[in-house]
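K.L.:
The following comprises the amino acid sequence and a computationally predicted model.
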Amino acid sequence: MFYFIVNPASRSGLGIDVWKSVEEYLKSVEFEYDVFYSAYQGNVQTIMNDLCSSHINDKCPINVVVLGGDGTMDEALQGVIDFTKVNLGYIPTGSSNDFARAMEYPADPVEAVKKIISCPEPRIMDLGKLEYLATSGSRMGLSTGISTTRYFDVSCGLGFDASVCVEALNPGGAKSFLNKIGLGKLIYLKIALSVIFKGSQPDGRLILDDGTTVSFNKLRFLVGMNTCYEGGGYKFAPDAVGDDGYLDICMVSNLSALEAFLVLPKALNGKHVKSKKVKLFHTTGYELILDEPLWVHTDGEVYSKSNHVKVSCEPGLLRLLY
C-alpha cells in the first residue's frame, strides 16, 4: 500500500491538476493507494504524523509519497516520528522545486511516480537538523522563547534568503499569477531586489564542527545546504550533495547593496563563489551566534527569528523512494 499526501494548493492551485494526471495513471495500472489532501498550512505535518502513529508497530516501513513543493516536503519531514519506518517519495509541483532539481527528477510527474512505485530499494539520503530558540517576530503561532527542532532536505538559512521567503509567503496576487503562467521565479527576483535594501546585517561568529571560529561583520546571509540549489535554482553551494554526510555553508557578509546586485545573481550558475566576500565551508555541523536575531528558514518555510542556531547533518536519515 502506498499513501499519497497531496497539496492541492501548491503552485497556486496547479498541484491538483498534477495529482489528477498521476491518479489517472495509478488507476490505469490498478495500483493500490490511498490519498490525503492537505487543507491548510501545517496540515501535511499532521497527516504524516497520524500515518506514522497508526503504523508505529508495523515491521516494515510504510510508503508515503508527497505531492507538492519544497515547503510541502518540509512539512512532511516534521511529521515523521521515526525515519527508519518511512520510505518517502516526492513528486514536485511547487514554484521552486529545488530538491527535485538537485536530484534530477523527471519533469513529467507520471514518469516520477513510475520511478517511485517501482523503486526496488530506497535511496539513503542525509537530512539537515536545525535547533534554535525562537525570538521576536515569530509567525504561524509559534511562541517566542520556545526551543524548536526542524529537519530539512534542501537548506536552512538566516538573513537575506529567509527574508525573501517571508515576503514571498505574504498574501498577494503577483506570485499566484506568475506561477500560473510558469514565471514564478520572477516574484522571488523582484522580492530579492527589494530585500537587499532593508533588513538587519548583524555581526556574529560561526563555530564549525572542528571548533574553528569564524568572526564576521554585517552578515547578509548564511545558509547551510544539504543539496546545491535553493530559491528556485540559485546554486549557492555548487558542490553540495545530499548523501555525503556533510552540509555546505555559504556565508555572505560585509557586502554593500551595490555589491549584492553584482554578486548574488551570479549564484544562478554558482559563479558567486569567486567573490572574496563569499565564504564556503564543508562541515558536519555548525553553530551560529548573532548580535541580533534574523529570520530563519528550512526549505523556504519561515516560522520565527533567532540569534542562536545549531545545525547538523544527520547522515542517512532519509529513505527516499527514487
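P.N.:
Nice, thanks for sending it over. Bear in mind that the values here come from a model prediction, so they are computed numbers and not experimental data. Numbering: from 1, shown residues only.

K.L.:
just the helices in the protein please.
P.N.:
10-13, 15-28, 43-54, 70-79, 98-103, 109-117, 160-169, 173-180, 185-195, 257-263 (DSSP state H).

K.L.:
For the first one, the averaged confidence score.
P.N.:
Helix 10-13 comes out with an average pLDDT of 80.

K.L.:
Start at 35, not 1
P.N.:
Right, with 35 as the first residue, what we last looked at is helix 44-47.

K.L.:
all strands of the chain, in order?
P.N.:
Using DSSP state E, the strands of the chain run over residues 36-40, 67-71, 96-102, 120-126, 157-167, 181-186, 189-193, 238-242, 247-250, 253-259, 281-287, 312-317, 319-332, 335-354.

K.L.:
With distance to Val188 as new columns, can the helices of the chain be given to me in a markdown table?
P.N.:
Heads up, the C-betas are built off the backbone N, CA and C, glycines and all. Shown next, in a markdown table, are those (distance: least, CB to CB, whole Å):
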| stretch | distance to Val188 |
| --- | --- |
| helix 44-47 | 15 |
| helix 49-62 | 18 |
| helix 77-88 | 16 |
| helix 104-113 | 6 |
| helix 132-137 | 5 |
| helix 143-151 | 17 |
| helix 194-203 | 11 |
| helix 207-214 | 19 |
| helix 219-229 | 14 |
| helix 291-297 | 21 |
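
K.L.:
Quick one: closest of those helices to Gly266.
P.N.:
Shortest distance between Gly266 and the helices of the chain, using CB to CB, is found for helix 219-229: 4.5 Å.

K.L.:
what mean pLDDT does that closest one have?
P.N.:
Averaged across helix 219-229, the pLDDT comes to 69.

K.L.:
Now do the same contact list for Pro146.
P.N.:
Quick fix: residue 146 is Ala, not Pro. Counting by CB atoms under 8 Å, 6 or more residues apart in numbering, Ala146 touches 124-126, 139-140.

K.L.:
Ranking by neighbours, what's the top pick from those?
P.N.:
Pro126 (28 neighbours; other CB atoms under 10 Å).

K.L.:
which residues sit in contact with that one?
P.N.:
Per CB under 8 Å, 6+ apart, neighbours of Pro126: 102-104, 133-134, 139, 143, 146.

K.L.:
And for Glu293, the neighbour number?
P.N.:
By the criterion of other CB under 10 Å, Glu293 has 15 neighbours.

K.L.:
so what pLDDT did it get?
P.N.:
So, for Glu293, pLDDT stands at 94.

K.L.:
Please verify my assumption that it contacts His306.
P.N.:
No: applying CB atoms under 8 Å, one finds Glu293 not in contact with His306, separated by 10.8 Å.

K.L.:
from the contacts of Ala146, which is closest to Gly266?
P.N.:
Pro126 (11.9 Å).

K.L.:
want to try CSV for the strands of the chain, with mean pLDDT and distance to Tyr59 as columns?
P.N.:
Formatted as CSV, the strands of the chain follow (pLDDT from 0 to 100; distance: least, CB to CB, whole Å):
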stretch, mean pLDDT, distance to Tyr59
strand 36-40, 98, 12
strand 67-71, 98, 11
strand 96-102, 98, 13
strand 120-126, 97, 11
strand 157-167, 96, 22
strand 181-186, 92, 30
strand 189-193, 97, 31
strand 238-242, 98, 46
strand 247-250, 98, 50
strand 253-259, 97, 33
strand 281-287, 98, 36
strand 312-317, 98, 40
strand 319-332, 96, 31
strand 335-354, 96, 20
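
K.L.:
Mean neighbour count, those strands: which tops it?
P.N.:
Mean neighbour count (mean count of other CB atoms under 10 Å) peaks for strand 189-193 among these, with a mean of 29.
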